[in-house]
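Peer 1: okay, structure incoming, though there's no sequence with it:
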């Protein structure tokens, strides 16, 4: 079965604290994984993809095939990071994206 | 142009109306998608067009009818919708629908649809 699990519906941290948004996946084969972010009233935007191994807005995500995880991390959260974050897996059916349920990140001052 | 453009931004319609949502991209992408999104929920895939042909229909009711006139345009025709169809409708595109390309999907702002 192809599935993405984001166990935390809501994550609340203080500004400057480290943040980790968890994502686990179930997929047979080589996964293609993405993190998308949706700020309030804005479009869904690509944040990271596992193949690029880059840091965007201070966020990084490492694919761990042994643990089937693709957690999103940032060492020092900022208030402007408050948003909904979705982990997504590209399935093997015509480019279909399988989304997790999303984690709402709230960064308090 | 690196955007997916959707019109209209908002739409209010009665259950007997017929309306259309439009989506346009000029990035040369060959796959286009329609999603439905409820508040604080992930997008739910409705349709996928690959090289202008319908490749995936996620068992969407026939009151939603997609159309891909050319590689840059995607329409969603609406007829006899129900109140539970009120949602944000998102269009997306990607360069290549094939597996193993790691191509992300680029999303539009969406059309916020309200059914009275």
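Peer 2: Structure received. Not measured: the values here are computed from a predicted model.

Peer 1: state the pLDDT value of residue B:98.
Peer 2: Per-residue pLDDT puts residue B:98 at 69.

Peer 1: also residue A:92?
Peer 2: pLDDT recorded at residue A:92 is 76.

Peer 1: residue B:40 too?
Peer 2: Value listed for residue B:40 in the pLDDT field: 89.

Peer 1: residues touching residue B:25, list them.
Peer 2: B:1, B:3-5, B:32, B:72, B:93, B:106 (C-beta atoms under 8 Å, 6 or more residues apart in numbering or on different chains). For glycine as for every other residue, the C-beta is placed from the backbone atoms N, C-alpha and C.

Peer 1: and with 7 Å instead?
Peer 2: Contact analysis of residue B:25 by C-beta atoms under 7 Å, 6 or more residues apart in numbering or on different chains lists B:4, B:72, B:93.

Peer 1: surely the last one meets residue B:29?
Peer 2: Yes - when contacts are counted by C-beta atoms under 7 Å, residue B:93 is listed as touching residue B:29 (3.9 Å).

Peer 1: and the helix-or-strand element of chain B with minimal mean pLDDT, how far from the chain's centre?
Peer 2: The least trusted helix or strand in chain B, going by mean pLDDT, DSSP states H and E, turns out to be strand B:53-57, with a mean of 92. In terms of C-alpha atoms, centre = their mean, to the nearest Å, the centre of strand B:53-57 is set 12 Å apart from its chain centre.

Peer 1: who does it touch, helix- and strand-wise?
Peer 2: strand B:44-50 (3 or more C-beta pairs under 7 Å, 6 or more residues apart in numbering or on different chains; DSSP states H and E).

Peer 1: pLDDT on the strand it packs on, on average?
Peer 2: 95.

Peer 1: likewise for stretch B:74-87?
Peer 2: 96.

Peer 1: of residue B:93 and residue B:29, who's got more company?
Peer 2: The neighbour comparison of residue B:93 against residue B:29 (other C-beta atoms under 10 Å in any protein chain shown) goes to residue B:93, with 27 against 20.
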